[in-house]
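Q: Any chance you can model this:
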Amino acid sequence: MPQKYTSEQFWKLYEKLSPELKDAVSAEETGNQIYDVCKRYEITEKLDELSEYVGQVLVGVLPPADFQESLEKDMGLKKEVAKKVAQEINRFIFYPIKSSLEELYRAEIAPPAQMKVTPPANEKPLAPPGTDKYREGVE
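A: Numbering: from 1, shown residues only. Reported below is the predicted structural model:
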């Protein structure tokens with residue numbers, strides 16, 4: 001389960017968001033879509049919890065790739081229900097702001113540094129020096 005954030009911590013994260021993500025977090029339409037999904041799958045008692053997870057994705061705390069798993073494990077939804085809920089949330093809330101979410105998570109998760117492998121000094125190179133007689137010429 002993602003770490004619980006205080007209201008103050010959440011708002012600090014919110015302030016760093018792009019305008020598009022800020023709009024998505026606070027939009028009435030986002031709340032309506034979450035409510036509609038809860039109603040459709042008869043999980044209205046989990047509305048607040050689902051809203052919290054959607055908010056965590058939008059502020060950069062919960063990667064979208066982990067969203068469905070959190071619905072299953074942390075919210076206790078059955079796998080099939082969690083899959084359908086995640087698909088609808090992805091389609092109606094996350095997909096319209098996909099580029100902003102990608103940018104947010106790319107900034108949060110830096111790619112690993114490239115490792116440079118150097119062969120030991122006493123090893124012979126695999127290919128003998130000189131020209132490769134099997135290589136075609138470039139025109």
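
Q: Please enumerate the strands of this structure.
A: When assigned using DSSP state E, the chain turns out to have no strands.

Q: Which stretches in it count as helices?
A: Assigned by DSSP state H, the chain shows helices spanning 7-15, 19-26, 28-40, 47-59, 67-73, 79-89, 98-108.

Q: Need those in TSV (columns: mean pLDDT and mean neighbour count).
A: To be clear about C-beta, it is placed using only N, CA and C from the backbone, and glycine gets the same treatment. Below are the helices of the chain laid out as TSV (pLDDT from 0 to 100; neighbours: other Cβ atoms under 10 Å):
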stretch	mean pLDDT	mean neighbour count
helix 7-15	82	12
helix 19-26	90	16
helix 28-40	94	15
helix 47-59	92	20
helix 67-73	93	18
helix 79-89	94	17
helix 98-108	81	14
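
Q: For the closest residue to Leu71 other than its chain neighbours, give me its contacts.
A: Residue nearest to Leu71 in three dimensions, not counting chain neighbours: Ala82, with 3.9 Å by Cβ to Cβ, 6 or more residues apart in numbering. Taking Cβ atoms under 8 Å, 6 or more residues apart in numbering as the criterion, Ala82 is in contact with 68, 71-72, 75.

Q: from those residues, which is closest to Ser100?
A: Gln68 (20.3 Å; Cβ to Cβ).

Q: Look up how far Lys79 lies from the residue nearest to that closest one when sequence neighbours are not counted.
A: Distance criterion Cβ to Cβ, 6+ apart; nearest residue to Gln68, sequence neighbours excluded, is Ala86 at 3.7 Å. Distance, Ala86 to Lys79, using Cβ to Cβ, to the nearest Å: 10 Å.
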